[in-house]
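Asks: Need the 3D shape of this:
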Amino acid sequence: QVQLVESGGGSVQAGDSLRLSCTASGILLGGYAVGWFRQDPKKERDFIGAINWSGRNTNYGDSVKGRFTISRGNAGNTVYLQMDSLKPEDTAVYYCARGKYNSDLSPTRDNYDYWGQGTQVTVSS
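Replies: Residues are numbered from 1 along each chain as shown. Sure thing, here's the model as predicted:
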């Protein structure tokens, strides 16, 4: 069964940190770009950032640049989203997605083929 599973979400205070994990089963993340997105129920799904197949290149959305960091695990099939200095406006469901290509860090949702079910992050002021 092909699955991407996000974990690590929860409820925190403004200024706190969280680390989300994206783990794959049935498919490989190694060799592909991986992106993170988030969605508030009242808004569209927004691009947070992406990492290329090697982990050497990343691309971030303006709203999280300097606060969030995407990295790849050594085993290759896990990708992390480190979120620091969290703000109430970061509250959303967070999704990871596997890119169709190895180095395309595009924010376009159509460039990603497999998606997880999401994990809730709630930041209180």
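
Asks: Skipping its backbone neighbours, what lies nearest the residue nearest to the spatial centre of the chain in space?
Replies: Centroid-nearest residue in the chain: residue 36, 2.5 Å away (criterion: CA atoms, centre = their mean). In space, and not counting its chain neighbours, residue 36 is closest to residue 48: 4.2 Å by CB to CB, 6 or more residues apart in numbering. Every residue, glycine included, has its C-beta placed from N, CA and C.

Asks: How about residue 82?
Replies: Spatial nearest neighbour of residue 82, excluding adjacent residues (CB to CB, 6+ apart): residue 69 at 4.4 Å.

Asks: For the helix or strand harbouring the one you found, list every residue counted as buried.
Replies: Applying DSSP states H and E as the criterion places residue 69 in strand 68-72. By neighbour count with 16 or more other CB atoms under 10 Å, strand 68-72 contains the buried residues 68-70, 72.

Asks: which strands and helices sit next to whatever helix or strand comes next after it?
Replies: Scanning forward in sequence from strand 68-72, with DSSP H and E defining helices and strands, the next element found is strand 78-83. Strand 78-83 makes packing contacts with strand 18-25, strand 34-39, strand 46-51, strand 68-72, strand 92-99 when contacts are defined by 3 or more CB pairs under 8 Å, 6 or more residues apart in numbering; DSSP states H and E.
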